[in-house]
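1. return a 3D structure for these sequence lines:
(one chain, ligands or ions: 1)
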Amino acid sequence: MIEARGLTKRYGDTLAVDNLSFTVAPGRITGFLGPNGAGKTTTMRLILGLDRPTSGTVTVDGKPFGQLAWPMREVGALLDAKAVHGGRSAYNHLLCVAQTNNLPNRRIGEVLELVGLSEVARKRSKGFSLGMGQRLGIAAALLGDPKILMFDEPVNGLDPEGILWIRNLMKALASEGRTVFVSSHLMSEMENTADHLIVIGRGKLISDCTTSEFIAANSQQSVRVRTPQREELVALASAAGATVRDDAGGALVLLGLTAAQVGDLAFENGIRLHELAAAHASLEQAFMELTASSVEFHAGLPAGAGRESAHAGEVA
Ligand code: ADP
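-> Model prediction:
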């Protein structure tokens, strides 16, 4: 269990973390979402005692990190996978971590096996690919068999196989009853991984709920329809309050009505439907809409352009 209460961190004029209160519970994957610069890494550094909060508190199983008797047996973290001494072999890197933290050497073989690096254990990590580096970082995090695991953007730059591996590992760790806290700016990734979401923007808490609640609360419902009586349906749906857009291949996308309402409307007015499907807006879209006002820079896009492209993505 991780508990933040009024957690605040200021760097000069930048309020990196702004009065955050949240709880990360065991037995599930909690996604920590926010655009780049939202304050995710800073929050994780505060949890690990690598930085001091300006105000507020954060505890790990009821204690500030600095007061944990055996930190690596309680919390394992992957923050910066490149923070490994490249001249050492994977085995020696883990040996060094084990010895400085009073962990048994036999655990090294176990974690190397777990992350699939046994065969390259004696090779220098300098020659490792990004994915192998991530695996080594995760091996170090697992060395103390901790109940709590934190991963900061673990899938950044990984190939699909590496992404799938990390996702399955996190699921397995959560199913063993561990607390898994993983940050990302990739909504599409969290949609398939996280059970619960803590969403922040500009250091502030925006949302704290289950992934399905987040999608339901933040995404607009849309219905895709195909009919030979387009004009009639457009007129009826508009009169019923829907917003209508053209979609590829002559289909229509209606916003503001459920699939059942569109079906009933068509039936009652004798309109033939060749296709009727409820479209589920993606988490990516919900997230972009929610954080649109909290993103510092829009990468050269005019105001509102991000929202438009999100809608375009939904109906594509
Ligand atoms: P995220 O991990 O969500 O991308 P960060 O926690 O890295 O966000 O950064 C949050 C904000 O704090 C950013 O505006 C960043 O520039 C700023 N920041 C982070 N670390 C420092 C630091 N050591 N000194 C000054 N500003 C910092």
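2. from here on, just use CA atoms for contacts and neighbour counts.
-> Will do.
3. tell me the pLDDT at residue 291?
-> What the model reports as pLDDT for residue 291 is 77.
4. just the element for residue 245, please.
-> strand 243-246 (DSSP states H and E).
5. can you list the strands that that strand pairs with?
-> Partner strands and pairing direction for strand 243-246 (DSSP bridges) are strand 252-255 (antiparallel).
6. alpha carbons only: can I get the partner strand in CSV?
-> C-alpha atoms of strand 252-255 as CSV (Å, rounded to 0.1, in the frame of the first residue of the first chain):
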residue,chain,number,x,y,z
LEU,A,252,-22.5,7.6,-40.3
VAL,A,253,-21.3,8.2,-36.8
LEU,A,254,-23.9,9.5,-34.4
LEU,A,255,-22.9,11.0,-31.1
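7. now whatever helix or strand comes next after it, how far from the centre of its chain.
-> Following strand 252-255 in sequence order, the next helix or strand is helix 259-268 (DSSP H and E). Averaging C-alpha positions (C-alpha atoms, centre = their mean, to the nearest Å) puts helix 259-268 36 Å from its chain's average.
8. and the angle from the helix or strand that helix 259-268 is followed by to helix 259-268?
-> Per DSSP H and E, helix 259-268 leads on to strand 275-279 as the next helix or strand towards the C-terminus. Relative orientation of strand 275-279 versus helix 259-268 (axes from the mean of the first three to the mean of the last three C-alpha atoms, to 10 degrees): 160 degrees.
9. pLDDT on strand 275-279, on average?
-> 90.
10. circling back: quick one: contacts of the strand holding residue 245?
-> By C-alpha atoms under 8 Å, 6 or more residues apart in numbering, the list of residues contacting strand 243-246 from outside reads 234, 237, 238, 252, 253, 254, 255, 256.
11. same check on stretch 170-179?
-> 1, 24-30, 146-149, 180, 193.
12. now do it, average pLDDT.
-> On average, the pLDDT along stretch 170-179 is 96.
13. spell out which parts of this protein neighbour the ligand.
-> Contact residues (C-alpha under 6 Å from any ligand atom) of the chain with the ligand: 11, 16, 34, 36, 37, 38, 39, 40, 41, 42.
14. find me the pLDDT at the last one, would you?
-> Okay, so that is residue 42. The predicted local confidence for residue 42 is 96.
15. wait, it touches residue 14, no?
-> No. Taking C-alpha atoms under 8 Å as the definition, residue 42 is not a contact partner of residue 14, at 11.8 Å.
16. the more surrounded of the two?
-> Taking other C-alpha atoms under 10 Å, residue 42 and residue 14 do not tie; residue 42 has more neighbours (21 against 11).
17. I'd like the residues of the chain next to the ligand laid out as TSV, including secondary structure.
-> Below are the residues of the chain next to the ligand laid out as TSV (DSSP: H, G, I helix; E, B strand; the rest coil):
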residue	secondary structure
11	strand
16	strand
34	coil
36	coil
37	coil
38	coil
39	coil
40	helix
41	helix
42	helix
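18. residue ranges with poor pLDDT in this structure?
-> 81-86, 280-283, 293-316 (pLDDT under 70).
19. quick one: the helices in it?
-> Counting by DSSP state H, the chain has helices at residues 40-47, 71-74, 90-100, 106-114, 130-142, 160-175, 187-191, 211-218, 230-239, 259-268, 283-291, 305-315.
20. mind putting the ones you listed in a markdown table, distance to residue 61 included?
-> Listed next are those as a markdown table, based on distance: least, C-alpha to C-alpha, whole Å:
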| stretch | distance to residue 61 |
| --- | --- |
| helix 40-47 | 11 |
| helix 71-74 | 8 |
| helix 90-100 | 22 |
| helix 106-114 | 23 |
| helix 130-142 | 17 |
| helix 160-175 | 16 |
| helix 187-191 | 25 |
| helix 211-218 | 24 |
| helix 230-239 | 54 |
| helix 259-268 | 46 |
| helix 283-291 | 30 |
| helix 305-315 | 39 |
